[in-house]
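S.K.: build me a model:
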Amino acid sequence: MKNLIRLMLLAATIFALAVPAGAQQRKTTERLSREQLAEKQAQLIAEKLAFNPETTKKFIDTYTRCQKEIWALGTTKSKSPKRQLTEMQTDSLIRARFNHSQKLLDIRKKYYAEYSKFLAPSQIEKVYSSEGKVAKKLSQRAKRQSKDKCQAASKAKRKKK
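M.R.: Predicted coordinates:
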């Protein structure tokens, strides 16, 4: 009986130590950083629009710089607070949203000028229309890969039993 308890305790300890280590390892290999994600997105857009190598290099550099500036802005809280705001607080909230939108617009204008140095306006329009599609595609791919890895891990655990 003592041996059975010791064996169960040993198994529980090994399991407790092994699971977090495996989860940590999976997280670092699965997730791309924001910069890597922006670069991957830029590469896919460049491939889709069939840019030449020189244009692709310029585009990836410009696109990632643009994304970094947009990320630096942060997000606005688009949801209205649950509590009732005073008129001054509501006005302040709306003005903050306008300010954020203006900063975002300024960045978009700045990078439109940058893109114009090496892309035609029709190409820039295609870049803008491709951005959302490519981001959605990358997100779906990441979710699918994560799901596949979880399923593979589950199968491996079942095989061990």
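S.K.: so where's the protein shaky on pLDDT?
M.R.: The chain contains residues with pLDDT under 70 at 1-30, 77-81, 145-146, 148-149, 152-161.
S.K.: and the helices in it?
M.R.: Residue ranges of the helices in the chain, as given by DSSP state H, are 2-30, 34-48, 53-73, 87-116, 121-160.
S.K.: contact partners of the third one?
M.R.: Outside of helix 53-73, the residues within contact range by C-beta atoms under 8 Å, 6 or more residues apart in numbering are 34-35, 38-39, 41-43, 45-46, 51, 100, 103-104, 107, 111, 114-115, 118-119, 127. No exception for glycine: its C-beta is placed from N, CA and C like everyone else's.
S.K.: count the neighbours of residue 39 for me.
M.R.: Residue 39 is flanked by 17 other residues according to other C-beta atoms under 10 Å.
S.K.: ok, it - contacts?
M.R.: For residue 39, the contact set (C-beta under 8 Å, 6+ apart) comprises 60, 64.
S.K.: quick one on the thing from earlier: among the contacts of helix 53-73, name the buried ones.
M.R.: Neighbour counting by 16 or more other C-beta atoms under 10 Å classes 38-39, 41-42, 45-46, 51, 100, 107, 111, 114-115, 119, 127 among the contacts of helix 53-73 as buried.
S.K.: tell me the two of the residues you listed that are most distant?
M.R.: 51 and 100 (31.2 Å; C-beta to C-beta).
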